[in-house]
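>>> only geometry, no sequence info:
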């Protein structure tokens, strides 16, 4: 009986920690903008499963924005932050204004990163430059620390003139 009580207390403590860890926090400047969501699985008493579209600006290249869609689990586990989100994430990036590089970057440099589960999974958006085609390449992938086979999606942004400004050459900003 004593062991059962301790097990229940440990379970309640873990549940409380999970709720506190997933409590809403104030938005940061580098948080993605939630554009909209679409329910995919209806649940009568808890939040639905959804596909959610987010938008971000490249922090080191002004004039470039990316949008990604990722699934979010509903239900009790999703509400408490205990459900592991699947790795399927799509990505689209576009030139939204004149491109200005703020600093040099490495091929494959992380533009945005987010945890997708309590411990084992993260989602990252990385950037590279296709020098021959003067095109920025963005790739999103989700991985597990303990397992390979990451899912991924790629988007290409050819650098084009904007108004009367000629396009910058991404090759000049690769380290």
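Received it, and whenever you're ready, just let me know what you need. What you see is a predicted model; the values in this text were computed from it and never measured.

>>> Chain neighbours aside, what residue packs nearest to residue 57?
residue 65 (5.2 Å; CB to CB, 6 or more residues apart in numbering). Any C-beta I mention is one placed from the backbone N, CA and C, and that applies to glycine too.

>>> so for the helix or strand that contains the one you found, what's the average pLDDT?
Assignment of secondary structure by DSSP states H and E places residue 65 within strand 61-72. With pLDDT averaged residue by residue, strand 61-72 scores 93.

>>> by contact count, what packs against it?
Using 3 or more CB pairs under 8 Å, 6 or more residues apart in numbering; DSSP states H and E, the elements in contact with strand 61-72 are strand 33-41, strand 49-57, strand 90-101, strand 121-130, strand 135-144, strand 151-158.

>>> Go again with 6 Å.
Packing partners of strand 61-72 (3 or more CB pairs under 6 Å, 6 or more residues apart in numbering; DSSP states H and E): strand 49-57, strand 90-101.

>>> Next, the buried residues of it.
Within strand 61-72, the residues that qualify as buried by neighbour count (16 or more other CB atoms under 10 Å) are 61, 63-70, 72.

>>> With respect to residue 124, which of those residues is nearest?
The closest of the buried residues of strand 61-72 to residue 124 turns out to be residue 68 (CB to CB; 10.9 Å).

>>> leaving aside the residues next to it on the chain, what's closest to residue 115?
In this structure, residue 115 finds its nearest non-sequential neighbour in residue 122, 5.4 Å apart by CB to CB, 6+ apart.

>>> how many other residues sit next to that neighbour?
Residue 122 has 16 neighbours, counted by other CB atoms under 10 Å.

>>> low pLDDT regions in this structure?
Counting by pLDDT under 70, the ranges of the chain that qualify are 1-30, 74-87, 116-121, 144-150.
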